[in-house]
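Student: Dropping the sequence and predicted coords here.
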Amino acid sequence: MTGRAQSYQIQRQTTQIIKCLFADDDDDDRVCFHQFYTADVETDGPMGEEETFDPVPIADKLKEVAESLNQDAKFKAALDDLKLALGKEVAVEAFTCKVNALVQTQISQQAFDVAPEMQLIKICFAFGLFVKKSYPELKNKAQSAVSTLLNNSRVVTWVTQQGGWEKVRQDIEDI
């Protein structure tokens, strides 16, 4: 698979993971994702990675990480700042600015051994989950902001270099 094809595949998978995160637990999209990817599928030939990719376990793990991060006192203070910045609208620029500032803070304060891209992924999911729970009416805008941040070439390249989302999920479990 070419580099461009791999990047496109990672972007599609990222979009699926984000949709799972923002879907409600009983949402038809989430149920359909999991049923589709866990069903016994008969094919004429070997299935490629795209056909066997299940975004639900990855989204669940990232959700778990996000929820634990949302309990951290320093992160809660950043969430309070986010509340003020957002007001009643989630602008991609405001969301991006707050996420990037927090990534820099996290990197400078503690997580020297964690890649900046991993910090960005974790913080995007934590902020996204926060907005989803605190401002359900802004869920679609937050989803768009998270998608914009995580589908940038830096994150896509990094996920590709790690061996894909399954490998990143394993790395998250080791943190």
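Tutor: Looks like it arrived, so ask away.
Student: Please count neighbours and contacts with C-alpha atoms only from this point.
Tutor: Fine.
Student: what separates the most centrally placed residue in the chain from F22, distance-wise?
Tutor: Taking C-alpha atoms, centre = their mean, the centroid of the chain lies closest to F125, which sits 4.8 Å from it. Distance, F125 to F22, by C-alpha to C-alpha, to the nearest Å: 9 Å.
Student: So which bits of stretch 7-24 are buried?
Tutor: Neighbour-count burial for stretch 7-24 flags 7, 9-11, 13-23 (criterion: 16 or more other C-alpha atoms under 10 Å).
Student: Among these, which are located in helices?
Tutor: Mapping these onto helices (DSSP state H) picks out 7, 9-11, 13-22.
Student: Distance of the spatially closest residue to T15 that is not a sequence neighbour relative to F75?
Tutor: Among residues not flanking T15 along the chain, S147 sits closest, at 6.6 Å (C-alpha to C-alpha, 6 or more residues apart in numbering). Between S147 and F75 the computed distance is 21 Å (C-alpha to C-alpha).
Student: who's more crowded, the two?
Tutor: Set S147 next to F75 and count neighbours by other C-alpha atoms under 10 Å: S147 wins out with 21 against 18.
Student: Tell me the spacing between that one and A23.
Tutor: S147 is 14 Å from A23, by C-alpha to C-alpha.
Student: before we move on, what about V146?
Tutor: 14 Å.
Student: ok, now T105?
Tutor: 29 Å.
Student: State the number of residues packed around N151.
Tutor: Quick note: N151 (other C-alpha under 10 Å) scores 20 neighbours.
Student: my read: it touches Q13, true?
Tutor: No: at 9.9 Å, N151 and Q13 do not qualify as touching, with contact defined as C-alpha atoms under 8 Å.
Student: What residues of the host helix or strand of E173 count as buried?
Tutor: Using DSSP states H and E, E173 falls within helix 165-174. Residues of helix 165-174 classed as buried by neighbour count (16+ other C-alpha under 10 Å): W165, E166, V168, R169, I172.
Student: same for it, what does it pack against?
Tutor: Packing contacts for helix 165-174, counted by 3 or more C-alpha pairs under 8 Å, 6 or more residues apart in numbering; DSSP states H and E, involve helix 55-69, helix 153-162.
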